[in-house]
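Q: Sequence first, predicted model second:
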Amino acid sequence: MLDIKITKTETPKAKPEHVTGFGKIFTDHMFVMNYETGKGWFDPRIVPYQNLSLSPASMVFHYGQEMFEGLKAYKGDDGKAYLFRPDMNAKRTNKTNERLVIPEIPEEDFVQAIRELVAVDQDWIPTDPGTSLYIRPFIIATDDFLGVAPSDTYLFIIILSPSGAYYASGLDPVGIWIEDEYVRAVRGGMGFAKTGGNYAASLIAQVKAHDADYAQVLWLDGVERKYIEEVGSMNIFFVIDDVVVTPMLNGSILPGITRDSTLFLCKQWGLKTEERKVSVDELIAAQKEGRLKEVFGTGTAAVISPVGKLRYEDEVFTIGDGGIGPITQKLYDTITGIQTGKLPDEYGWRVEV
């Protein structure tokens, strides 16, 4: 168990009355812990939110040895603060760390650090519908060395951001651009890891999609350019002939926690689910034949995001009637209901701060 030293700010910020937008406001405090080879993780502390002072030669700036996670805290109707499946974020952190040769963080320490920081700043948790306290843990390599090698020193930091809906449209169905020029990741690479390089690689296609008035990019595989992988920062699901289908995890797709929760709930409800390869040709054929009933993305930031239209090459395809499908709506209501305490937590997913 970590012995976390807490130093509270002497100049607390004014809290917003209502929160809109995502990731632009930050709370009063942050968690910091150091690592050094031969010493391990040490000096866990909660301090006032502040800028970092790093050498320009810090390896994170030159070789991208860094990782991040994302989860949320919610204020329940009972006034208590809750997290949603933080143990899964801890496990995924260490999967990413292994790939990037970053030291492992004990899962219990990861969860403890988040719980204690959220407890300090829990008055920042917004309570308007659709809002939450977004939690961003991250690790950066800090050796000042211009050589390609794993760092010997790291910082593990957690910051908090009261946030509204990830998409300005809220739960309204979004348009998705199927990208056929650029690729995001390949098997054997880092597609499954939560690291900035994956997202940097996605920006050029995201700009292209936004310029055409689409909310996100749906990626195809990097080898054959025909199999669907994930959408933006989310996993993707299709309801085809009343079967809930999602691309199987293959090393280039992020193992999303909301993805896992979605598959579990669908099975609990007696829906047939499939994790398999889904080609873009199959998807377009299913749409043209009227068998593609719903499309939605899953992820921490947006939770469940319905897709109303898809663009591939020069064609635009409307999904169903362009609205929110019944399975999509039920998943959103159930997951957010468990997260906020409006529904009973039958699965032990909600963790009290």
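A: That came in fine, so what should we check first?
Q: domain ranges for the chain?
A: Following automatic domain parsing, one gets these domains for the chain: 5-164, 174-340.
Q: Tell me which residues touch Asp152, please.
A: Applying C-beta atoms under 8 Å, 6 or more residues apart in numbering to Asp152 gives the contacts Glu36, Thr37, Asp143. (Glycine included, C-beta is placed from N, CA and C.)
Q: could you redo the last one with a cut-off of 6 Å?
A: Going by C-beta atoms under 6 Å, 6 or more residues apart in numbering, Asp152 touches Thr37, Asp143.
Q: that older thread, Throw the domains of the chain into CSV and include mean pLDDT and distance to Glu346, thanks.
A: As requested, these are arranged in CSV below (pLDDT from 0 to 100; distance: least, C-beta to C-beta, whole Å):
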stretch, mean pLDDT, distance to Glu346
domain 5-164, 96, 13
domain 174-340, 93, 8
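Q: Which one of those domains lies nearest to Trp349?
A: The closest of these to Trp349 is domain 5-164. By C-beta to C-beta, the value is 4.9 Å.
Q: Spatially, and excluding backbone neighbours, which residue is closest to Leu2.
A: Leaving aside its sequence neighbours, Leu2 sits nearest to Pro44 (C-beta to C-beta, 6 or more residues apart in numbering; 4.5 Å).
Q: which stretch of helix or strand covers that neighbour?
A: strand 40-48 (DSSP states H and E).
Q: Chain neighbours aside, what residue packs nearest to the spatially most central residue of the chain?
A: By C-alpha atoms, centre = their mean, the chain has its centre lying nearest to Thr300, at 4.3 Å. Excluding its sequence neighbours, the residue lying closest to Thr300 (C-beta to C-beta, 6+ apart) is Gly70, at 4.6 Å.
Q: What does the one you found show for phi and psi?
A: Phi and psi for Gly70, reported as degrees, to the nearest 10, are phi -150, psi 130.
Q: want to try a markdown table for the domains of the chain, with distance to Val351 as columns?
A: As requested, those are exported to a markdown table (distance: least, C-beta to C-beta, whole Å):
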| stretch | distance to Val351 |
| --- | --- |
| domain 5-164 | 4 |
| domain 174-340 | 11 |
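Q: how about the ones you listed, which one is nearest Glu352?
A: The closest of these to Glu352 is domain 5-164. By C-beta to C-beta, the value is 5.7 Å.
Q: what are the phi and psi values for Asn198?
A: Torsion angles at Asn198 (phi, psi; degrees, to the nearest 10) stand at phi -60, psi -40.
Q: neighbours around it, how many?
A: 19 (other C-beta atoms under 10 Å).
Q: can you pull the contacts of it?
A: Asn198 makes contacts with Ala185, Met190, as judged by C-beta under 6 Å, 6+ apart.
Q: And the helices in this protein, which stretches?
A: Secondary structure of the chain (DSSP state H): helices located at 59-63, 86-100, 107-120, 196-200, 203-211, 257-268, 280-288, 326-340.
Q: pull the CA atoms of the last one into CSV?
A: Same thing as helix 326-340. Output of helix 326-340 as CSV, limited to C-alpha atoms (Å, rounded to 0.1, in the frame of the first residue of the first chain):
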residue,chain,number,x,y,z
PRO,A,326,-32.7,0.0,-29.4
ILE,A,327,-29.6,-2.0,-28.5
THR,A,328,-27.4,1.1,-28.6
GLN,A,329,-29.8,3.0,-26.4
LYS,A,330,-30.2,0.1,-23.9
LEU,A,331,-26.4,-0.2,-23.6
TYR,A,332,-26.0,3.5,-23.0
ASP,A,333,-28.7,3.6,-20.4
THR,A,334,-27.4,0.5,-18.6
ILE,A,335,-23.7,1.4,-18.5
THR,A,336,-24.3,5.0,-17.5
GLY,A,337,-26.9,3.9,-15.1
ILE,A,338,-24.5,1.6,-13.3
GLN,A,339,-21.7,4.2,-13.4
THR,A,340,-23.9,6.8,-11.8
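Q: And it, what's buried?
A: Within helix 326-340, the residues scored as buried using 16 or more other C-beta atoms under 10 Å are Ile327, Thr328, Gln329, Leu331, Tyr332, Thr334, Ile335, Thr336, Ile338, Gln339, Thr340.
Q: Show me which residues of stretch 227-243 are buried.
A: Neighbour-count burial for stretch 227-243 [16+ other C-beta under 10 Å]: 227-240.
Q: same check, this time on stretch 99-117
A: Within stretch 99-117, judged by 16+ other C-beta under 10 Å, the buried ones are 99-100, 102-103, 105, 107, 109-117.
Q: Closest to Ser55 out of those?
A: Nearest to Ser55 among the buried residues of stretch 99-117, with distances taken as C-beta to C-beta, is Ile102, at 18.5 Å.
Q: What is the neighbour count of the closest residue to Phe156 other than its chain neighbours?
A: Once flanking residues are discounted, Phe156 sits nearest to Met33: 4.5 Å by C-beta to C-beta, 6+ apart. Applying other C-beta under 10 Å, we find 20 residues neighbouring Met33.
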